[in-house]
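Asks: Build me a model from this:
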Amino acid sequence: MGGRQLKHSDAIVIVGAGAFGLSTALHLALRGYRNVTVLDKHEYDNSGYDYRSGADSASSDMNKIIRSAYGSQVEYQDLSKEAIEWWTAWNREIKAGKDLAPGLSTNDRVYINNGTLCFTDQLELAPFEVETIRNMKAAGLGETQLVTMNPEDNASAQRRGLGYAMDPFRRRARNKPNVGVLDTTGGVVVADKACRFALHKARRLGVKFIFHPQAGAFESYWHDEQGNVVGVKTQSGEKHPAKKVVMACGGWTPTLVPELDGLCETTAGSVIMLQIPPNSHLRERFAPDKFPSWMWKLWDGAEGGLYGFPVDDRGMMKIGYRGTKYTNPQLQQDGKLRSVPITRYTPGDKVTQLPRKSMQIFKHFLNEYLPELAENGIDIELTRLCWYTDSFDNHYVVDDLPGQNTVMVATGGCGHAFKYLPILGKWVVDIMEGVEMDRTLVKKWAWRSLPEGEKPFNVLMQGNDSPNAFKNVSWTKDSDLKLGSQPKL
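Replies: Numbers count the residues shown, from 1 in each chain. Reported below is the predicted structural model:
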C-alpha cells in the first residue's frame, strides 16, 4: 500500500461526502491527519442531506436499517456490533448537547433501537434467518434474536418492551401466518441527521469541505510528467494537490473510475414515501416506539426484497424495494456502456417516476400487510430511485487503484454500508496505512475479479440487454400513486 508512507501533514483529497467519504474524513482527522479536503458537487450545507431538499445521493435519506443479522456472514455481524457501540455513543453526545450539529437538538437520535423484523410469507424460516440464529448463538448473542412463532420469545419481547415488533403487521388478528425473526439489536438510523452529525464532527477536527456544483465536482485526476496521480481537477478548473486521492462517490463511482468495470456497477432501487397526516391515529400506530424497521423476503428475488420503517418525525413512512435493481446504461467517452445515476434532480434529463414492476410489488405488499393505509385514504406522496454501487459478490471495495497507489477507491456499498457510517472510515484508514491486512473483511474488500466458473451474487454490466435497463422498462404515472390503483405492465 502506497499509503503506508503518508505523513499526517500530507494532503489527502476525498471525492464524495456520503457515508464512505464522511467516515473516512472523520477517521483521518481522529488519527491526526491535518490536511484533509472533501469535494462534493452536492451543496449539503444547504440541503442538510435531505432528499426532499434536493440531495439525491444514497446517503441523503430519511432513514436506513441497522441490523446485526447477517446469516452466515459473521464478519459483518461483528462489524455491526462495533458500529452499534459507536451509534449509541453518538446518541449520548447529542443528548448531552455539547457542540450540536446544525439543525439537531438534544431530543434527536441518530440510532433508534426499536428492532428489525426479518420475515417471510412462507410457513417456515428462510435459510438466512436460520443461519443468523445459529451464528448469533455461537457469538453469545442468541438472546438478541427472537422467533415470532416461539411463545417463549414472544414473552421475552413483551418483558423487554418489544412486544409490538413481533407482529407489527397484525397477522395473528387476521389469522395469517407470522413467520420471522426479530433482531433486537437493530432498528433505524436517521440518515440525514447522522450525515450532518458526522460532517460537523469532521469539520470541528479541521477537515475542509467544498460543496459546489462545479468547485466540488470531480473533473479528472491531475498527473505529473511520469503519469502519477498527484491530485484532482474540479469542473471549476481548480487543482487540488494530494498525496492520496480517495474516490468515494457512491453511485457515481463506476463512471468516474472505469477500472471498476466487471467489479462494480451502479443500480437503482425503488422507494416510496407515504405522508401520514398529523391528526391520523396512524401516526401513533407507526411511531418508532411502536413499529420496527423490517425486511420482507430479503433474498427471494424479484418478488421479495422489500424493506421499511416507522414514520419519521415529519410523519413520513418510507418503503424500499431492491428485489429488482435497475440500470441506466449510457455510452461513455471510451466507447463503453456504463450505468449512470439519474434522479429527479439530475440536470437535463430527469426521472420522477418508478418502474411499473416496482409499483406492482409495493402495492401487492401494502394490500396484504398494511391495508389500513388505503382504508384511511393514505396515498404515496413521493417516489425516488436510490442509486447504490453493487459489486459482483456484495462486498465493498476498499483498495488502491491498480497501478496507481496514490488513488484509493472506497465504494461497493451494495445497499448495506450506511449502518457502518461511524466506523467505515476506521477500516478505510487502516487499509490506507496497511494495518492488519490479514483481516477477513480487508481481504474481501480488496481489488478482485470474479473467479472463472463462479456465479456472481449480483449480475453486472449487461448493458441494454438487461430486461431491467431503463430503455426496456415501463414507467408509472402520477395516477399510480393512489393506493387504490394498480399499474398494468
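
Asks: Which helix or which strand is home to Ile361?
Replies: According to DSSP states H and E, Ile361 maps onto helix 356-369.

Asks: Any buried residues in that helix, and which?
Replies: Neighbour-count burial for helix 356-369 flags Arg356, Lys357, Ser358, Met359, Gln360, Ile361, Phe362, Lys363, Phe365, Leu366, Tyr369 (criterion: 16 or more other CB atoms under 10 Å). C-beta here means a position set from N, CA and C on the backbone, and glycine is covered the same way.

Asks: How about stretch 226-241?
Replies: Val229, Val230, Gly231, Val232, Thr234, Glu238, His240.

Asks: helix or strand for Leu425, which one?
Replies: That one is not Leu; residue 425 is Gly. helix 421-433.

Asks: which outside residues touch the next helix or strand after that helix?
Replies: Counting by DSSP H and E, the next helix or strand C-terminal to helix 421-433 is helix 440-444. Helix 440-444 has contacts (CB atoms under 8 Å, 6 or more residues apart in numbering) with Glu75, Tyr76, Leu79, Asp393, His395, Tyr396, Val398, Trp427, Asp430, Ile431, Glu436, Met437.

Asks: Does the last one touch Asp400 like I think?
Replies: Looking back up the chat, that one is Met437. No: using CB atoms under 8 Å, Met437 is not in contact with Asp400; the gap is 11.9 Å.

Asks: In terms of neighbours, single out the busier of those two.
Replies: Asp400 (19 against 12; other CB atoms under 10 Å).

Asks: Nearest residue to the more buried one in space, please, no chain neighbours.
Replies: Of all residues beyond its chain neighbours, the one nearest Asp400 is Met408 (5.4 Å), with distances taken as CB to CB, 6 or more residues apart in numbering.

Asks: Secondary structure of the one you found: a helix, I assume?
Replies: No: using DSSP: H, G, I helix; E, B strand; the rest coil, the secondary structure at Met408 is strand, not a helix.

Asks: right, and it touches Gly425 too?
Replies: No: look at Met408 against Gly425 with CB under 8 Å: they stay out of range, at 12.0 Å.

Asks: Please identify which of those two sits among more neighbours.
Replies: Legend: neighbour count by other CB under 10 Å for Met408 and Gly425, higher for Gly425 (30 against 25).

Asks: mind listing what that one touches?
Replies: Neighbours of Gly425 in contact, by CB under 8 Å, 6+ apart: Phe20, Leu22, Ser23, Thr24, Ala25, Leu26, His27, Leu28.

Asks: for those residues, which one is nearest Arg314?
Replies: Nearest to Arg314 among the contacts of Gly425: Leu22, at 23.0 Å, using CB to CB.

Asks: hang on, isn't that closest one packed against Ala198?
Replies: Yes: contact status for Leu22 versus Ala198: in contact at 4.5 Å, counting by CB under 8 Å.

Asks: Tell me which of those two has more neighbours.
Replies: Per other CB under 10 Å, whichever of Leu22 and Ala198 has more neighbours is Leu22, with 32 against 25.

Asks: same for the helix or strand that one falls within, what does it pack against?
Replies: Assigned by DSSP H and E, Leu22 belongs to helix 19-30. Secondary structure elements in contact with helix 19-30, counted by 3 or more CB pairs under 8 Å, 6 or more residues apart in numbering; DSSP states H and E, are strand 12-15, strand 36-40, helix 191-204, strand 404-411, helix 421-433.

Asks: among the ones you listed, which is the most enclosed?
Replies: Ranked by mean neighbour count under mean count of other CB atoms under 10 Å, these are led by strand 12-15, which reaches a mean of 27.

Asks: Quickly run through the sheet partners of that one, with directions.
Replies: strand 36-40 (parallel), strand 244-247 (parallel) (DSSP bridges).

Asks: now it, how far from the chain's geometric center?
Replies: Offset of strand 12-15 from its chain centre (CA atoms, centre = their mean, to the nearest Å): 21 Å.

Asks: what comes into contact with that strand?
Replies: Against strand 12-15 from outside (CB under 8 Å, 6+ apart): 6, 21, 24-25, 28, 33, 35-40, 218, 231-232, 240, 242-249, 256.

Asks: what's the answer for stretch 304-318, then?
Replies: Under CB under 8 Å, 6+ apart, the answer for stretch 304-318 is 61-63, 65, 114, 188, 190, 271-278, 282-283, 286-288, 290-299, 319-324, 361-362, 365, 381.

Asks: Buried only: go through those for me.
Replies: 61-63, 65, 114, 188, 190, 271-276, 282, 286-288, 291-298, 319-324, 361-362, 365.

Asks: In helices only, show me these.
Replies: Within these, residues falling in helices by DSSP state H are Leu282, Ile361, Phe362, Phe365.

Asks: What is the nearest of the buried residues of helix 356-369 to Ser57?
Replies: Closest to Ser57, out of all of the buried residues of helix 356-369 and judged by CB to CB, is Ser358, at 19.9 Å.

Asks: Just the CA coordinates for stretch 126-146, please, in PDB.
Replies: Extracted C-alpha coordinates of stretch 126-146, given in PDB (Å, rounded to 0.1, in the frame of the first residue of the first chain):
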ATOM      1  CA  ALA A 126     -35.700 -18.900   5.400                       C
ATOM      2  CA  PRO A 127     -32.200 -20.300   5.500                       C
ATOM      3  CA  PHE A 128     -30.800 -16.800   6.000                       C
ATOM      4  CA  GLU A 129     -32.600 -16.400   9.300                       C
ATOM      5  CA  VAL A 130     -31.700 -19.900  10.400                       C
ATOM      6  CA  GLU A 131     -28.000 -19.100   9.800                       C
ATOM      7  CA  THR A 132     -28.300 -15.800  11.700                       C
ATOM      8  CA  ILE A 133     -29.800 -17.500  14.800                       C
ATOM      9  CA  ARG A 134     -27.100 -20.200  14.700                       C
ATOM     10  CA  ASN A 135     -24.200 -17.700  14.400                       C
ATOM     11  CA  MET A 136     -25.600 -15.200  16.900                       C
ATOM     12  CA  LYS A 137     -25.900 -18.000  19.400                       C
ATOM     13  CA  ALA A 138     -22.300 -19.000  18.700                       C
ATOM     14  CA  ALA A 139     -21.200 -15.500  19.400                       C
ATOM     15  CA  GLY A 140     -23.100 -15.500  22.700                       C
ATOM     16  CA  LEU A 141     -25.800 -13.200  21.400                       C
ATOM     17  CA  GLY A 142     -28.600 -15.700  20.900                       C
ATOM     18  CA  GLU A 143     -31.000 -13.700  23.200                       C
ATOM     19  CA  THR A 144     -30.900 -10.900  20.600                       C
ATOM     20  CA  GLN A 145     -32.800 -13.000  18.000                       C
ATOM     21  CA  LEU A 146     -36.500 -13.600  18.800                       C
END
